[in-house]
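**Student:** Could you work out the structure for the sequence below:
(chains A and B)
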Amino acid sequence: MNRRKFLAFLGSSGVVSALASVRVAEAAPHVFPYNENSFGVLHDTTRCIGCRRCEAACQAVNNLPMPEKPFTDLEVTNERRRVTAKAWTVVNKYEVNGQPFFRKLQCFHCNDPACAAACFTKCYTKLPDGAVVYDGSQCVGCRYCMVACPFNVPGFQYNLAWDPLVLKCTFCEPLLKQGKLPACVSACPVDAITFGRRSDLIRVARRRFDDHPGKYMNYIYGEHDAGGTAWMVLAPAAGANPGPVDNPDTASKEFKQLGLDTHLGNQPMAELTYGALGAVPMIVAFWPVLFGGAYAITKRREAIAKASVEEAAKSAKDDITAAMDAAIRKIEETEGQAAADRARRAMTEALKARESQDRQGEAHNG
Amino acid sequence: MAKTHDIVIPTKDKLFNLDPLLSLTPGNIITWIILGVGFILTIIRFTVGIGSVTNLDDYQPWGLWIGFDLLCGVCLAAGGYFTTVGVYVMGMKQFHSAVRPAVTTAFLGYAFVVVALLYDLGHPLRLPYMFFFPGTTSVLFEVGLCVATYLTVLFVEFSIAPMEWLSQKFPWILRIRKWVIRITILLTIFGVTLSTLHQSSLGSLYLIAPEKLHPLWYSPFMPMFFFVSSMAAGASMVIFEGLFAHKGVHQYMDSTHLKEADGVVLGFSRAASFILFAYFMLKVIDVLVQANTHWLDTGYGAWWMLEMFGFVLLPALLYAIGARTGNVTLCRYTSVLTVAGIVLNRFNVSMIAYNWNLPSDLRYFPSFWEIWISIFVVTMIVTVYRFIVYHMPVLYEHPDFKGEEH
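**Tutor:** All right, here's what the predicted structure looks like:
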């Protein structure tokens, strides 16, 4: 292969890979092949009665500490609670268009989780069954996952000194492995949280929209939001127009009243950082050339400046020598040989004295 | 020339010059009180947990220790790459005497960023795990890798000063010193590459949380904003540190340093003025292209305009006036304003405009002891800086190595 062929080969392979990446960019939202049959849960907030039995079941199954107020105290649902390291699911009351509704909070188990992308020691894993699980054995405790999570899910054990970890809902992964339902799903007395294959749940949700016109907002929260989530939420229309299908803008008011943001976008959150991360190799490759080039230019300038100073000094010296020769020749013609010799000696000595004076001055300045 | 002889230069037989650190001056007494309380807080932090000294919670996992110690610490240590690129790459030899102080403070800045980080991490001893289980999709991984590498580069760049200090006692050090000087330009270019990466990546950290950061501060261009403002911070910090060095350790400066000092202030002011103007334009364009102007007549909008006009445009103008009229004093005070502006910006991104949607009773304000730890870290930096200046040729050229070109 000669050089030209090699370069052509390099060029065409570059074009091909660029085209390939364009195709990837055009592909549909993120559903990884191994997620196709993953499980999910559909949370129907029009059914939830705020009984907190899911909270109690979660506490029991995961050996979490008992909360200060017992699970039978339903008044706490009026507070704006969030999930923490001690309580992996909570149910809060929200006013939607003036009517009370309950929503259960827990990890959404994203298809392409922000926490996993943000973790710099790979503590999080998205499992093929849909669960996003965390292994604390290599956790540094930086809490960037908590910054990254758009749903404010991971909680940190701030009051432990020796082994503080980030904890969150596991989708009851140990139970799923045994073929059992997550504890909260089993405990729900009104089927407000429905377990199933994620793809089936989306169909179930759409059927509910059709069967009960005007009851729901026409939007499945989590179908596409933040790249899609395993847990999805239906919001009550509560008198509002259900709006067109899958429009996050028209559904945003009711979901916002439920504490859910429909403006996260359809991309996984981590994709927002990939442009910046992609620039890293570019900078690594180009900055040394850029600054190396600037350095070379600086050095070249310095060399040129030095050479031109030397050039000027040399030509000045040549001028003096020529003038001296002309003067001596003139003296020889008019005054004779002896006078010319005296003149030459005198001039040479004067020149030497001047040069050594210059050298001293230079040394002094430098 | 006469000034040079007044500097206490450690010799083979008297390596240490600790009197200025131990004498009972008000400054030293305050220093030791801050360090003493900080030491007790350190014990509490590492035996009772992060929650015992901070107000951090699940909504605000990153508070003052990240917002100030990490974001501001790294940004304000930008003087290292800024000065070395100017002198070694661009050939601005008239600023040569600014290189060592800048590299010294940059090295200390980064070293103590890591120290402060250990307080904030739940598992500080596992920090090296990022090399064993690299999460390459994480911006934080890139930040960690670059900061670790750059800290090494700065250590090598800085090492010349301690080597000159110790060379009379341990002459074999001179061989290492020669090699380090030989690779100066390599280290400089490596340093600016790494700095570009992680200065910008500190902004990229927040790209993943658009729903938490106020739209006036959230932008896809945050990496660029962080990098550009770090250049202004680098230039300003050289002037800012000079302001305090001339007050505190003036007697350790030699005639070259004093002769070049005003030129450094004016030259760096001119650069900072241009950079701040550019930064101001970038931010304005960002608000326009993201159609965020409707946020400007809210409370956060007023706060944003205060930051932009009071702490970016105003210092840009003052620097320009100061550099043009040769007003060194004005330039020095403007550097204080600029540094305050950088800190304000990092506070806005990490705390004030972060979680702006939350009701105020769920918002974060640092605890008294959290603030103390941050002051404790700054005091440690100042104390180590003083130790270095009292012992090593940072503000003066060592007589053994005078006139060497590098």
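
**Student:** So, low pLDDT: which residues of the stretch 301-406 of chain B?
**Tutor:** Residue ranges of the stretch 301-406 of chain B with pLDDT under 70: B:403, B:405-406.

**Student:** Give me the distance between A:Val140 and B:His123.
**Tutor:** 5 Å (CB to CB, to the nearest Å). For the C-beta atoms, the positions are set from N, CA and C on the backbone; glycine is no exception.

**Student:** out of those two, which sits in the more crowded spot?
**Tutor:** Between A:Val140 and B:His123, A:Val140 has the larger neighbour count (other CB atoms under 10 Å in any protein chain shown), namely 24 against 19.

**Student:** Find me the pLDDT at the residue in the stretch 101-250 of chain A that chain B sits nearest to, would you?
**Tutor:** Closest approach between the stretch 101-250 of chain A and chain B, counting by CB to the nearest CB: A:Gly141, at 2.0 Å. On the pLDDT scale, A:Gly141 is placed at 95.

**Student:** Could you find the closest non-adjacent residue to it?
**Tutor:** Nearest non-adjacent residue to A:Gly141, counting by CB to CB, 6 or more residues apart in numbering or on different chains: B:Gly122, 2.0 Å away.

**Student:** in the helix or strand where B:Ile373 lies, what's buried?
**Tutor:** Assigned by DSSP states H and E, B:Ile373 belongs to helix B:368-391. Buried residues in helix B:368-391, counted by 16 or more other CB atoms under 10 Å in any protein chain shown: B:369-370, B:372-374, B:376-383, B:385-386, B:388-391.

**Student:** anything in contact with each of A:Val140 and B:His123?
**Tutor:** Counting by CB atoms under 8 Å, 6 or more residues apart in numbering or on different chains, A:Val140 and B:His123 have no common neighbour.

**Student:** Would you point out which residue is most central in chain A?
**Tutor:** A:Thr273 (2.9 Å; CA atoms, centre = their mean).

**Student:** is it true that it touches B:Ile208?
**Tutor:** Yes. Assessed by CB atoms under 8 Å, A:Thr273 is found in contact with B:Ile208 at 5.3 Å.

**Student:** which residues do these two both contact?
**Tutor:** In contact with both A:Thr273 and B:Ile208: A:117, B:139, using CB under 8 Å, 6+ apart.

**Student:** could you show me where the strands are in the stretch 51-200 of chain A, in order?
**Tutor:** Along the stretch 51-200 of chain A, counting by DSSP state E, counting those that start in this stretch, strands occupy A:90-96, A:99-105, A:124-126, A:132-134, A:155-156, A:166-167, A:193-197.

**Student:** Would you reformat the ones you listed as JSON lines and include distance to A:Glu355 and mean pLDDT?
**Tutor:** Formatted as JSON lines, the strands of the stretch 51-200 of chain A follow (distance: least, CB to CB, whole Å; pLDDT from 0 to 100):
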{"stretch": "strand A:90-96", "distance to A:Glu355": "92", "mean pLDDT": "96"}
{"stretch": "strand A:99-105", "distance to A:Glu355": "89", "mean pLDDT": "96"}
{"stretch": "strand A:124-126", "distance to A:Glu355": "77", "mean pLDDT": "94"}
{"stretch": "strand A:132-134", "distance to A:Glu355": "80", "mean pLDDT": "96"}
{"stretch": "strand A:155-156", "distance to A:Glu355": "77", "mean pLDDT": "96"}
{"stretch": "strand A:166-167", "distance to A:Glu355": "78", "mean pLDDT": "96"}
{"stretch": "strand A:193-197", "distance to A:Glu355": "96", "mean pLDDT": "96"}
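
**Student:** Tell me how many other residues crowd A:Ser308.
**Tutor:** 10.

**Student:** What pLDDT does the model give it?
**Tutor:** Value for A:Ser308, per-residue pLDDT: 95.

**Student:** Likewise for B:Val115?
**Tutor:** Listed pLDDT for B:Val115 reads 95.

**Student:** Show me what the helix or strand it falls within is packed up against.
**Tutor:** Remark: B:Val115 resides in helix B:99-120, with elements defined by DSSP H and E. Under the contact criterion of 3 or more CB pairs under 8 Å, 6 or more residues apart in numbering or on different chains; DSSP states H and E, helix B:99-120 touches helix B:73-76, helix B:79-84, helix B:139-158, helix B:160-166, helix B:222-248, helix B:368-391.

**Student:** immediately after the longest helix seen in chain B, which helix or strand?
**Tutor:** Identified as the longest helix of chain B according to DSSP state H is helix B:255-289. The first helix or strand that comes after helix B:255-289 along the chain, using DSSP H and E, is helix B:299-305.

**Student:** who touches that following helix?
**Tutor:** By CB under 8 Å, 6+ apart, helix B:299-305 touches B:214, B:216-217, B:295-296, B:348, B:352-353, B:356.

**Student:** closest to A:Val91 among the residues you listed?
**Tutor:** The closest of the contacts of helix B:299-305 to A:Val91 turns out to be B:Trp356 (CB to CB; 26.2 Å).

**Student:** how close does the closest residue to A:Ala57 other than its chain neighbours sit to B:Gly122?
**Tutor:** Distance criterion CB to CB, 6+ apart; nearest residue to A:Ala57, sequence neighbours excluded, is A:Ala187 at 3.6 Å. Note on A:Ala187: its distance to B:Gly122, by CB to CB, is 31 Å.

**Student:** Between those two, point out the one with more neighbours.
**Tutor:** Shown here are A:Ala187 and B:Gly122; by other CB under 10 Å, B:Gly122 has more neighbours (23 against 19).

**Student:** Helix, strand, or coil at A:Leu234?
**Tutor:** Classification of A:Leu234 using DSSP: H, G, I helix; E, B strand; the rest coil returns strand.
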